[in-house]
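Engineer: no sequence on hand, only this structure:
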């Protein structure tokens with residue numbers, strides 16, 4: 001089976017996908033990992049394609065605060081997400097996998113899977129899309145607000161609208 005794994009983020013996002021890639025290869029699957037540059041994860045022996053983004057550099061420059069992300073949306077966040085959304089779609093079209101396994105930031109996965117007629121699976125390393133009262137959505141607030149944590153997941157889902165232009169580009173690419 002041809003598996004394409006696509007992850008976005010820092011070392012903590014890339015390492016589990018690298019391990020999954022290695023285990024799938026050991027089981028006899030053909031695997032391609034689409035990942036950001038300079039994650040700090042050992043990717044030797046894995047077929048890796050770059051998304052053309054560098055989260056380590058971004059984090060080094062501005063940290064991980066929501067305020068910094070808002071301030072740098074146009075100059076930093078938007079170009080990085082374009083790389084994640086469009087870069088992973090291009091990689092999938094080139095590789096033609098049987099299954100996509102993706103990080104929640106890979107917003108183009110449903111479009112790509114539909115066009116290729118394949119299933120996709122979203123892997124949440126930390127709660128990002130599946131509402132829970134136990135934790136706020138990753139990337140929203142940094143401390144628990146109890147039962148109100150569930151409300152933070154609406155913000156995570158709504159962020160897709162910020163990248164509509166990139167998703168439209170993927171739709172044109174797939175047409």
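Structural biologist: Perfect, I can see it now. Owing to the predicted nature of the structure, the values given are computational and were not obtained by experimental measurement. Numbering: from 1, shown residues only.
Engineer: what ranges do the strands span in this protein?
Structural biologist: Using DSSP state E, the strands of the chain run over residues 2-6, 30-35, 48-50, 99-102, 120-122.
Engineer: need these in JSON lines with distance to residue 110, can you?
Structural biologist: (Glycine included, C-beta is placed from N, CA and C.) Shown next, in JSON lines, are the strands of the chain (distance: least, C-beta to C-beta, whole Å):
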{"stretch": "strand 2-6", "distance to residue 110": "13"}
{"stretch": "strand 30-35", "distance to residue 110": "16"}
{"stretch": "strand 48-50", "distance to residue 110": "20"}
{"stretch": "strand 99-102", "distance to residue 110": "9"}
{"stretch": "strand 120-122", "distance to residue 110": "7"}
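Engineer: which one of those strands lies nearest to residue 57?
Structural biologist: Ranking the strands of the chain by proximity to residue 57 (C-beta to C-beta) places strand 48-50 first, at 13.2 Å.
Engineer: report the spatially closest residue to residue 48, excluding sequence-adjacent ones.
Structural biologist: Closest residue to residue 48 apart from its sequence neighbours, by C-beta to C-beta, 6 or more residues apart in numbering: residue 33 at 4.9 Å.
Engineer: same deal with residue 90?
Structural biologist: Closest to residue 90 by C-beta to C-beta, 6+ apart is residue 173, at 7.0 Å.
Engineer: for the one you found, grab the count of nearby residues.
Structural biologist: Neighbour count for residue 173, taken as other C-beta atoms under 10 Å: 15.
Engineer: ok, it touching residue 88?
Structural biologist: No - applying C-beta atoms under 8 Å as the test, residue 173 and residue 88 come out as separate, 11.3 Å apart.
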